[in-house]
Structure formats: structure tokens, C-alpha cells
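>>> generate a structure from the sequence data that follows.
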Amino acid sequence: MLRSAASSCSTLLARTTLLPAAAPAKGSSSASSSSTATSTPSASSSAESSSSSSSSGGTPASPSSEPPSGAAATAAAAAAAAPPPGPSKPLVVESSSSPTQLDKLPLPFLSTPLGVAVRPTSAKKTWAQRREEMVSQERRMEKRRAIVKQATRGYFHDFHAIRSHGGKTWRAPSTLIREDRALFFPDIAGSCLADRSKTHTSDLFPGKVSVVCLLNSKISEEHTKSFYEQTLRTYGDHPKFQLVMINIQENTLKAYLISLFLSSLRSQVPESLHRTYLLSDQSLELERDAMGYHNKHVGYTYLVAPDAKIRWAGCAFAEREEATALASCTGVLLERLAEKARKK
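Presented below is the predicted three-dimensional model:
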């Protein structure tokens, strides 16, 4: 019995000797790594013993790295405690100043020609032209920029912008835009007030000097009227002059409601203008910047030559000099048109 007890004790002692060393506690991990990084003889011997124990079935030792300095450790702790970054800024920023601040700044004169580079046409697009537009990278980027701009602008952005100079963003030039630099007025289709027939602006322009008004409300109608009133009094009876009014309603529901009350609209518009008064629901989102059409609550007035090029433009309420400039520029175009007819 004594022999069997002695043999069992020796077996237990042997098993205890063969067991791997216990893993160090989490609290002592930094101390062990710090002692390893000092590269002292005792540290190297302990590293050798740990590697030998891992080769004999123990837990492998994790590689040690040099601890960061005091400044680096402080920066790392501050970065860990910092809050997550907020939402990114909008891609399109109209202005960093408020409308009240902008109202104190002087308005610039129109410095660039307005319009599109492609000559407008009322012809229906062919399948090849539509396919070319669908695969055009430039066209896709234009649509993307328009969507981004629309998404990053508030619903009442245009309404608040009226507080700055009454919605006026630039002053009209005192002279005509040069013919070689002028761009085209885009083709806009709408229902004619006279007989509800579909009419294109590109079919109205040839052979005429046109004052074109873009409006969508009563206030925008007053804006355009302040521009063309003097010109209409002077050249209203001229056979080569016409006033084209385009009531733009990009909201389909609003356009439908207005179409139900065309008879009431006819009574408000002089009969002589029914043929050139168009009600349109065409979207001008892609042409908005090119036309200088910055605010949907503001009326815009354009002087368009017989070749459909924009030779002059104004917006919001007209200043006295602007109304006079429109009348004089219209007279110049009518004289040039008459001179061309005489040469023929």
C-alpha cells in the first residue's frame, strides 16, 4: 500500500512538471512588453525561455513593438476620444453670404453671353440623335450636376433670394451682345393661347425681332412688363417686331390647373398677343444656368434676333436705363433687318 501511494505521488509530480506555464494576466502584459523592449540580458533570456516553452507545446509569445513616445501617445488618445466626423458639406454652395448681406453689395453687369451653343429646331429627334444623347458622357454629367444642385438647394431658396435686390442677380448691358459671341435661345414648346395648338419658339423667331419673356406668376409678369412696356409702345406696330410671352410651369399639376382656366387667361392678355403667348410645362433644368434663369419667382426678358440668338437680356424689375437700353437695342436690330431686306 505504501509503495502504491508513493508511485501515484511521483506520477502526479511528473504531470505537474510537464504542464505549460500559465498565460500572464492582462494587467501585466504592458509590463512584460516594456521589459522585452529594453533589450537587457534578463529580457533576452526570458524571451528565449518563452520561445522554448512554445516549442514544447506552450502558448506562443506575441511579437513586441516599440511603445509610442509621450506626444504620440497623447495624440492617439485624443483621436480615440474625438467624436465621429459630421456630414460632409453640400457639393453646390450658392453663396456664403446671407441675402441681407448680398443686398448691400452692388449688382454686376451681365458679363457673359446667355443661351445654348446648339441651334434650336422644332424637328422631332431621330432615334440616332436620342441614342447619342443617352450614351453621351457630357449629357449624363449635365443631368448629374442638375440633380445635385436641385438636391442641395432648399425648397424656399428662391423665395429667400428675393430679399437680395428683389431677386435681381445682374444688370442688363447697355449695348447689344456681339453677333459672333451670341448664343441661341433654346427651343421651348407650348400651347398657343389663341387656339391651343402646339407651338415652338424656334418657328416664331425667323424673320422677326422678338422680345421674349419668361414668367410663371403675377409678380414675374410685372417684372417683364417693366422691361418691354417702353419697347412695345415704340415698336408695337412694326411688322418685324413681336412680343413672345412664355408662361413656364415646370410643375405638371400646376400646368394642368392653369390649362383649365385658359379662357380666364385670354381675358387678361391683349388679343393681339394671343398668337405669341405660350403655356409650357417643359423643364429647363439643364438650360437654367446657360439662360441665367436663376430664380423661378423672377421674370426674365430676352431680346432675340431673327437667327434665334440672344442679343440682350434683363431680369427682375427694370431700371430706367435698362428699359431704355432694350428699346434702343430693338431699334438697332430692326434697322439692320430692314437694311438686309433692301440689299436683297
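>>> which helix or which strand is home to Ala128?
helix 127-135 (DSSP states H and E).
>>> the residue lying closest to Glu179 once chain neighbours are set aside and Leu284, how far apart?
Nearest non-adjacent residue to Glu179, counting by CB to CB, 6 or more residues apart in numbering: Lys309, 6.9 Å away. Glycine gets a C-beta too; all of them are placed from N, C-alpha and C. Lys309 sits 18 Å away from Leu284, going by CB to CB, to the nearest Å.
>>> likewise for Lys225?
21 Å.
>>> quick one: low-confidence parts of this protein?
For the chain, the stretches flagged by pLDDT under 70 are 1-104, 154-157, 159-160.
>>> repeat that with 80
1-106, 129, 133, 139, 142-143, 146-147, 149-166, 344 (pLDDT under 80).
>>> which helix in it has the most residues?
Longest helix of the chain, by residue count under DSSP state H: helix 320-343.
>>> and that one, what other elements does it pack with?
strand 209-215, helix 218-235, strand 300-304, strand 310-315 (3 or more CB pairs under 8 Å, 6 or more residues apart in numbering; DSSP states H and E).
>>> adding distance to Glu132 and mean neighbour count, write the ones you listed out as JSON lines.
Converted to JSON lines, those look like this (distance: least, CB to CB, whole Å; neighbours: other CB atoms under 10 Å):
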{"stretch": "strand 209-215", "distance to Glu132": "28", "mean neighbour count": "24"}
{"stretch": "helix 218-235", "distance to Glu132": "35", "mean neighbour count": "19"}
{"stretch": "strand 300-304", "distance to Glu132": "27", "mean neighbour count": "26"}
{"stretch": "strand 310-315", "distance to Glu132": "25", "mean neighbour count": "26"}
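>>> among these, which comes closest to Arg139?
Taking CB to CB, strand 310-315 is the member of the helices and strands packed on helix 320-343 nearest to Arg139, at 22.0 Å.
>>> quick one, strands of the stretch 151-300 of the chain?
189-192, 198-200, 209-215, 241-248, 277-280, 300-304 (DSSP state E, counting those that start in this stretch).
>>> and of those strands, who's closest to Lys340?
Nearest to Lys340, of those and by CB to CB, is strand 209-215 at 11.8 Å.
>>> now the strands of the stretch 151-300 of the chain in JSON lines, with distance to Glu229?
Formatted as JSON lines, the strands of the stretch 151-300 of the chain follow (distance: least, CB to CB, whole Å):
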{"stretch": "strand 189-192", "distance to Glu229": "23"}
{"stretch": "strand 198-200", "distance to Glu229": "24"}
{"stretch": "strand 209-215", "distance to Glu229": "11"}
{"stretch": "strand 241-248", "distance to Glu229": "10"}
{"stretch": "strand 277-280", "distance to Glu229": "16"}
{"stretch": "strand 300-304", "distance to Glu229": "11"}
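>>> those: which one's closest to Arg178?
Comparing these by CB to CB, strand 300-304 comes nearest, at 13.5 Å.
>>> adjacent strands (with direction) for that closest one?
The pairing partners recorded for strand 300-304 under DSSP bridges are strand 209-215 (antiparallel), strand 310-315 (antiparallel).
>>> can I get the last one in PDB, CA atoms only?
Yep, that's strand 310-315 we're talking about. Taking C-alpha atoms only, strand 310-315 is exported to PDB below (Å, rounded to 0.1, in the frame of the first residue of the first chain):
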ATOM      1  CA  ILE A 310     -29.900  86.200 -77.700                       C
ATOM      2  CA  ARG A 311     -28.500  89.700 -78.200                       C
ATOM      3  CA  TRP A 312     -29.600  91.300 -74.900                       C
ATOM      4  CA  ALA A 313     -31.100  90.100 -71.500                       C
ATOM      5  CA  GLY A 314     -32.500  91.500 -68.300                       C
ATOM      6  CA  CYS A 315     -34.100  90.200 -65.100                       C
END
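>>> so which residues make contact with it?
Residues from elsewhere that reach strand 310-315 (CB atoms under 8 Å, 6 or more residues apart in numbering): 110, 113-115, 167-173, 176-177, 179, 182-185, 223, 227, 292, 294, 298-305, 322, 325-326, 329, 333.
>>> count of residues packed around Leu176?
Leu176 is flanked by 18 other residues according to other CB atoms under 10 Å.
>>> can you redo the strands paired with strand 300-304 as CSV with distance to Ile248?
Shown next, in CSV, are the strands paired with strand 300-304 (distance: least, CB to CB, whole Å):
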stretch, distance to Ile248
strand 209-215, 6
strand 310-315, 14
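>>> give me the number of residues near Ala325?
Quick note: Ala325 (other CB under 10 Å) scores 22 neighbours.
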